[in-house]
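**Student:** what's the 3D shape of this:
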Amino acid sequence: MKIYKFQYILFISLLCFAFVSCKKTEQTPVLTHLTLFNAMPGQLRLLPSFRGTEPLNRYYLAILFDYGVFNVGGKYAITKEDQPLAIYSYPDTLSPDKPLFDLQLKLKKGSINTLYFLGKKENPDYLLDTYLPPVHQAADSTFGIRFINLSYGSKPINVYLIKDGERKEVEGLAYKGITNFKSYTATLKTGNYTFEFRDQATQELLASYTTTELEKPSENKWRFRNFTIALIGLPGESSELLKQKTFLFDNY
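**Tutor:** Residues are numbered from 1 along each chain as shown. Model (predicted):
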């Protein structure tokens, strides 16, 4: 009789455990990745609020985004498919100030996204980029690069690879245009790559980016990973803050 009683208790316990485990599985949210980046040239600092336009009574605790600087705290895990997001110009964050951006983002569950803030304060613009980085096989020793034009007011650009000569990688990349990822070899003998961004019509050199440390096996951050090289800044500007330049994003 005791054996049957023990078996009954064990059965009920296992059933309860299975039920709790099932409930936990059902309640585990699917995370969506969202990165924010301030590509609005100038001294403008951006402050995000995922509460939409509700008053920012504790805005001093929020993360600020300076132009052209990657903020480690700017990567978020989102659980909603419809996510409100207001972006304020710091320190103009107290009600009734209007936000620069009042967005209702549509984010696919489990997707990877980067939201770029573009333009100027008097004419703000943005670009939501949803992407899936390619997988690089260990036997191939490759990495991926794509290009994006975030230069507000920019004319179409070409991108050239300068390595053992010159090769056109991208043609006519317009403002807010994004290419697909392209694979490049990353062995010890490869050496570094230089990419030049040029005005498509005049071939004027606007900016360039050169990889580093591809020849160092212990410090090679490129192999098996993916990156985006962006053109940011304003065309025709000469100051260090505003001029066109490149910026590297990690898309591992």
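**Student:** next SSE downstream of the lowest-mean-pLDDT helix or strand in the chain?
**Tutor:** Counting by mean pLDDT, DSSP states H and E, the chain has its least confident helix or strand at helix 2-27, which shows a mean of 46. Per DSSP states H and E, the first helix or strand lying C-terminal to helix 2-27 is strand 32-38.
**Student:** neighbouring strands of that next one in the sheet, and parallel or not?
**Tutor:** Applying DSSP bridges, strand 32-38 is found paired with strand 75-78 (antiparallel), strand 112-120 (parallel).
**Student:** need these in CSV (columns: mean neighbour count, distance to residue 134 and mean pLDDT).
**Tutor:** In short, each C-beta sits where N, CA and C put it, glycine included. Output for these, formatted as CSV (neighbours: other C-beta atoms under 10 Å; distance: least, C-beta to C-beta, whole Å; pLDDT from 0 to 100):
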stretch, mean neighbour count, distance to residue 134, mean pLDDT
strand 75-78, 14, 20, 94
strand 112-120, 19, 12, 97
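**Student:** next, format these as TSV and append distance to residue 48.
**Tutor:** Below are the strands paired with strand 32-38 laid out as TSV (distance: least, C-beta to C-beta, whole Å):
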stretch	distance to residue 48
strand 75-78	9
strand 112-120	9
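**Student:** quick one: low-confidence parts of the chain?
**Tutor:** The model of the chain has pLDDT under 70 over residues 1-27, 55-61, 92-97, 217-218.
**Student:** care to break the protein down by domain?
**Tutor:** The record's domain parsing of the chain by automatic domain parsing lists 29-132, 133-252.
**Student:** end-to-end on the longest one?
**Tutor:** Put plainly, it is domain 133-252. 7 Å (C-alpha to C-alpha, to the nearest Å).
**Student:** ok, now stretch 62-76?
**Tutor:** For stretch 62-76, the end-to-end distance is 13 Å (C-alpha to C-alpha).
**Student:** find out how far it is from the centre of the chain, if you would.
**Tutor:** 11 Å (C-alpha atoms, centre = their mean, to the nearest Å).
**Student:** same question for stretch 73-92.
**Tutor:** Per C-alpha atoms, centre = their mean, the centroid offset for stretch 73-92 relative to its chain is 13 Å.
**Student:** one more: stretch 181-196?
**Tutor:** Taking C-alpha atoms, centre = their mean, the mean C-alpha location of stretch 181-196 is offset from the chain mean by 21 Å.
**Student:** and residue 214, how far from residue 191?
**Tutor:** Taking C-beta to C-beta, to the nearest Å as the measure, residue 214 falls 6 Å from residue 191.
**Student:** more crowded one of these two?
**Tutor:** Between residue 214 and residue 191, counted using other C-beta atoms under 10 Å, the more crowded position is residue 214 (22 against 12).
**Student:** help me confirm that the more buried one is found in a helix?
**Tutor:** No: counting by DSSP: H, G, I helix; E, B strand; the rest coil, residue 214 is located in no helix; its state is coil.
**Student:** element containing residue 130?
**Tutor:** Under the criterion of DSSP H and E, residue 130 resides in strand 123-131.
**Student:** which residues does the closest residue in space to residue 183 that isn't next to it in sequence bridge with?
**Tutor:** Nearest in space to residue 183, with sequence neighbours left out and distances taken as C-beta to C-beta, 6 or more residues apart in numbering, is residue 142 at 4.4 Å. Listed by DSSP bridges, the beta-bridge partners for residue 142 are residue 185.
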